[in-house]
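Chemist: Sequence and predicted structure, then a few things I'm wondering about:
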Amino acid sequence: MTGPITVIGNPVSPYVRKVLAVCRMKGVEVRIDPITPFRGDDAFAALSPLRRIPVWIEGDLTLCDSSIIVQYLEETRPAPSLWPDDPVQRARARWIEEFADTRLFDVLGWKLFFQMVVKPRTLKEPPERALIEKARDEEAPELFDYLESQIPAEGFLFGEVSIADFSLAPAFLNAQVVGVEPSADRWPRLVAWLARMEAETVLGPLNDLSRAFMTTPFARHRELLGEHGWAATEVSHDAGFARRGPMSPV
């Protein structure tokens, strides 16, 4: 396939940062249309029937799921590999990716960040306090306990940084924004690993981009991409705020 590659999706989304991290690791140049699903136009809905981000457009290929996108990237741009060589470890990495995409984001993303940031600021709706409290006080600590048991004392999850790391770490930034993060006293391995991801991998600059997006009006988001070393698309699928269809990850 030839021609420019487009990624539709706002870097505030952990799923978008996951894909962009893999692109950086593999040297894949993309242009970004930094919309949220709530602001997508009819053309966006045609490209992403579930109104989810990220969307990958390369020639006549359109993909709408972060895990499918990064697997496609691994198969078409195999170097450097972001999956463990050993089949057992590779299977474990895929499980971590699935866990991150589903249960982890359900708690840190939907029940915390979405309720505390997206609903009041973007949708102008009140958050569900009972949902937030249970996620903060019960569900998040249980997740942190599990991850503490899976993370090594040094390095990354499977030696070299892998898709498991890039799937798991991004949602912690969104949780941090709403004041939910693991403490070093109870979860020292998890906290140290998150610090390594921030300081030693391409996720650090992507998190900086996400932080900038969170504090900057939508109108300046395309400019921010250039300021952080990313190219924006020439046209956008941003139709302004338009809540259509089912809620989708942001």
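Modeler: Arrived safely, thanks for sending.
Chemist: Show me which helix or strand of the chain is least confident by mean pLDDT.
Modeler: The weakest-scoring helix or strand in the chain, judged by mean pLDDT, DSSP states H and E, is helix 42-47 (a mean of 90).
Chemist: Let me know the next secondary structure element after it.
Modeler: strand 55-58 (DSSP states H and E).
Chemist: strands paired with that following strand, and their directions?
Modeler: strand 5-8 (antiparallel), strand 61-63 (antiparallel) (DSSP bridges).
Chemist: give me the number of residues near the closest residue to residue 49 other than its chain neighbours?
Modeler: Excluding its sequence neighbours, the residue lying closest to residue 49 (Cβ to Cβ, 6 or more residues apart in numbering) is residue 64, at 7.6 Å. In this view, the C-beta of every residue, glycine as well, is placed from N, C-alpha and C. By the measure other Cβ atoms under 10 Å, the count of residues near residue 64 is 18.
Chemist: ok so, going back, any chance of the strands paired with strand 55-58 in a markdown table, plus mean neighbour count and distance to residue 203?
Modeler: Shown next, in a markdown table, are the strands paired with strand 55-58 (neighbours: other Cβ atoms under 10 Å; distance: least, Cβ to Cβ, whole Å):
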| stretch | mean neighbour count | distance to residue 203 |
| --- | --- | --- |
| strand 5-8 | 23 | 16 |
| strand 61-63 | 15 | 21 |
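Chemist: Can you add distance to residue 148 and mean pLDDT and give these back as JSON lines?
Modeler: Shown next, in JSON lines, are the strands paired with strand 55-58 (distance: least, Cβ to Cβ, whole Å; pLDDT from 0 to 100):
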{"stretch": "strand 5-8", "distance to residue 148": "32", "mean pLDDT": "97"}
{"stretch": "strand 61-63", "distance to residue 148": "33", "mean pLDDT": "97"}
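Chemist: could you redo those strands as JSON lines and give each row distance to residue 107?
Modeler: Below are these laid out as JSON lines (distance: least, Cβ to Cβ, whole Å):
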{"stretch": "strand 5-8", "distance to residue 107": "26"}
{"stretch": "strand 61-63", "distance to residue 107": "26"}
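Chemist: quick revisit: list the neighbours of the least confident helix or strand of the chain that are in contact with it.
Modeler: By Cβ atoms under 8 Å, 6 or more residues apart in numbering, the residues outside helix 42-47 that reach it are 8, 35, 37, 51, 55, 57, 62, 64, 237, 239, 244, 245.
Chemist: Buried only: go through the residues you listed for me.
Modeler: Buried members of the contacts of helix 42-47, scored by 16 or more other Cβ atoms under 10 Å, are 8, 35, 37, 51, 55, 57, 64, 237, 239.
Chemist: List the residues that contact the fifth one.
Modeler: With contact set as Cβ under 8 Å, 6+ apart, residue 55 has these partners: 6, 7, 8, 9, 44, 47, 48, 62, 63, 64.
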